[in-house]
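Novice: A structural model of the following input is requested.
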Amino acid sequence: ESDYLVRLSNLHLAYADRYGVDSNERPNTDVLSTIELAGAISLEVDSGKTGQHPLDDNKILQQKKALGDERPDFMENVNMKSYPSKKILGKYTFQKYFRTE
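Specialist: This next block holds a predicted model:
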């Protein structure tokens, strides 16, 4: 059950980095935007009470495929190519964990 929440949260991070946290932009018409993913996460949090998951495995896979095989560097996914994040979360994470002094 919590696997859905983790998967949606990770997708939201990647979408927020690529499109912006307040974006309604979609990579294609079959997937949710960053804002819509945030709404799905909210519904997923309630799934323990409602028994309803907003996205099934196939829909989550569609979301993942729409991003391609790249993720922001701060996500450190060994199965994906990474790109340097230009958004604030990537800059903050990089400075906090990777800056040498």
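
Novice: which stretches of this protein form helices?
Specialist: Along the chain, the segments classed as helices by DSSP state H run 2-19, 34-45, 47-50, 57-66, 88-98.

Novice: Restrict the shortest one to CA atoms and write it as PDB.
Specialist: Read it as helix 47-50. Provided in PDB are the C-alpha atoms of helix 47-50 (Å, rounded to 0.1, in the frame of the first residue of the first chain):
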ATOM      1  CA  SER A  47      -6.500   5.400   0.400                       C
ATOM      2  CA  GLY A  48      -6.100   3.600   3.700                       C
ATOM      3  CA  LYS A  49      -9.500   4.900   4.700                       C
ATOM      4  CA  THR A  50     -11.200   4.900   1.300                       C
END
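
Novice: Out of the helices of the chain, flag the one nearest Met75.
Specialist: Nearest to Met75, of all the helices of the chain, is helix 2-19, at 6.4 Å by C-beta to C-beta. Where you see a C-beta, it was placed from the backbone N, CA and C, and this is true even at glycine.

Novice: Residues contacting that closest one from elsewhere in the structure, which ones?
Specialist: Around helix 2-19, the neighbours that count as contacts under C-beta atoms under 8 Å, 6 or more residues apart in numbering are 23, 25, 33-34, 37-38, 40-41, 44-45, 47, 53, 55, 60, 63-64, 67, 71-72, 74-75, 85, 87, 89-90.
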